[in-house]
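**Q** sequence below, structure please.
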Amino acid sequence: MKRFRSAALVATLLVLAACGSSAQSNVTRDPDPERRGPQGRLAQFVVQCDLSHVAFDDPLVLPWQPGKSHLHLFFGNNSVDSNPGYGDRLLNANTSCEQRRDTASYWAPALLDPTGRAIEPTSMTAYYRPGQGVDHEEIVAYPEGLMLIGGDSASQQSQSTNIVAWSCGTGAVREDAPLQCGASSTLRMIVTFPDCWDGERLTGFGSSAHARYSSVEANGCPDSHPVVLPQLTIGIDYPPVDPTDLSLSSGGVETAHADFWNVWDQTKLEGEVANCLNRNLVCGVSS
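**A** Take a look at the predicted model:
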């Protein structure tokens, strides 16, 4: 089982090298190839990313406060730190994602073993899909620089498995706490993000006041947050460790959450939404 030390000083962090070069390839605007996967025919596009870096930073909740956050695992954009500024620093950065034009950033608290040491994830998979009750033709791409939070880092009880869940790999069983998985599988933490936007604010700086979850009961998005976005679900995979007494760097496993910052190549993102979600197609399934 791979582990890296979760120490109190930023200088002790392991920084894992991201794959590929810093240059973004000049690919066409066509969507990723249509493929079928275990998720079936639900419209989606999917990106798989390696761990980019780890840091005690959070540009959404604790902007401009380096080293003040609990330990986070960062996937995707290699240049994200506590600075919430959107611009060339991020847009021209390298990415740890297989889709080289996905320079967005995804981060989550570290999973800790009973001794307090962080367990190294094997990968992260991001699924972009229509939300509950929405018309897939109304979905629009995230605006540039949008920040979202999925889950509740302050939760003191189990969260809904519709928002935060644990599974064995891509298996259908969803639990509210880590479970024992077979040697050939992975322990997966799943976080689903809100997909309805108020159309004005790009961040709540520590809250999700600018975003809500869609629902069948509301026929999609509420009137207060009428802009229909892709619903992002991420799955962070770990080795199939003993689930006894696991915790997160944010607290108990009930505090599971994740953050997303749209620093995608915006043209590529808009193309994926238009050519995959709006057309109700399965694109780029990678797991």
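
**Q** how about stretch 223-233: buried residues?
**A** By neighbour count with 16 or more other CB atoms under 10 Å, stretch 223-233 contains the buried residues 225, 227-233. (C-beta placed from N, C-alpha, C; glycine too.)

**Q** what's the answer for stretch 271-283, then?
**A** Within stretch 271-283, the residues scored as buried using 16+ other CB under 10 Å are 271-273, 275-278, 281-283.

**Q** tell me which of the buried residues of stretch 223-233 fall in strands.
**A** Residues from the buried residues of stretch 223-233 lying in strands, with DSSP state E as the criterion: 227-228, 231-233.

**Q** as JSON lines, these with pLDDT and distance to S185 would be great.
**A** Formatted as JSON lines, those follow (pLDDT from 0 to 100; distance: CB to CB, whole Å):
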{"residue": "V227", "pLDDT": "98", "distance to S185": "37"}
{"residue": "V228", "pLDDT": "98", "distance to S185": "34"}
{"residue": "Q231", "pLDDT": "98", "distance to S185": "25"}
{"residue": "L232", "pLDDT": "98", "distance to S185": "23"}
{"residue": "T233", "pLDDT": "98", "distance to S185": "19"}
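
**Q** who's in contact with S158?
**A** Counting by CB atoms under 8 Å, 6 or more residues apart in numbering, S158 touches 176-177, 254.

**Q** what's the neighbour count on the spatially closest residue to Q156 that is not a sequence neighbour?
**A** Distances taken as CB to CB, 6 or more residues apart in numbering place E254 nearest to Q156, at 6.6 Å, with adjacent residues excluded. Other residues lying near E254 total 20 when counted by other CB atoms under 10 Å.

**Q** for E254, helix, strand, or coil?
**A** Secondary structure for E254, judged by DSSP: H, G, I helix; E, B strand; the rest coil, is helix.

**Q** try L90
**A** Going by three-state DSSP: L90 is helix.

**Q** give me the low-pLDDT residue ranges for the stretch 151-287 of the chain?
**A** 285-287 (pLDDT under 70).

**Q** what segments of it are helices?
**A** Along the stretch 151-287 of the chain, counting by DSSP state H, counting those that start in this stretch, helices occupy 266-272.

**Q** S224 contacts D198, doesn't it?
**A** Yes - counting by CB atoms under 8 Å, S224 does reach D198; the two are 6.7 Å apart.

**Q** next, the contact list for the spatially closest residue to L42 that is not a sequence neighbour, please.
**A** Leaving aside its chain neighbours, L42 sits nearest to R129 (6.0 Å; criterion: CB to CB, 6+ apart). By CB under 8 Å, 6+ apart, the residues touching R129 are 42-44, 230-231, 233, 277.

**Q** same list, those residues, but as TSV with distance to W64 please.
**A** What follows is these, written out as TSV (distance: CB to CB, whole Å):
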residue	distance to W64
L42	39
A43	38
Q44	35
P230	29
Q231	30
T233	29
L277	34
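
**Q** ok, so of the residues you listed, who is nearest G220?
**A** Q231 (10.9 Å; CB to CB).

**Q** would you mind measuring from the closest one to N83?
**A** According to CB to CB, to the nearest Å, Q231 stands 28 Å off from N83.

**Q** how about D237?
**A** 28 Å.

**Q** tell me, how many residues neighbour T125?
**A** Using other CB under 10 Å, the number of residues around T125 comes to 21.

**Q** pretty sure it sits in a strand.
**A** Yes - under three-state DSSP, T125 falls within a strand.

**Q** wait, it sits on L232?
**A** No - using CB under 8 Å, T125 makes no contact with L232, being 11.0 Å away.

**Q** rewinding a little: turn the contacts of S158 into CSV, columns for distance to G67.
**A** What follows is the contacts of S158, written out as CSV (distance: CB to CB, whole Å):
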residue, distance to G67
D176, 31
A177, 30
E254, 25
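
**Q** between those, which sits nearest L202?
**A** Of the contacts of S158, the one sitting nearest to L202 (CB to CB) turns out to be E254, at 28.4 Å.
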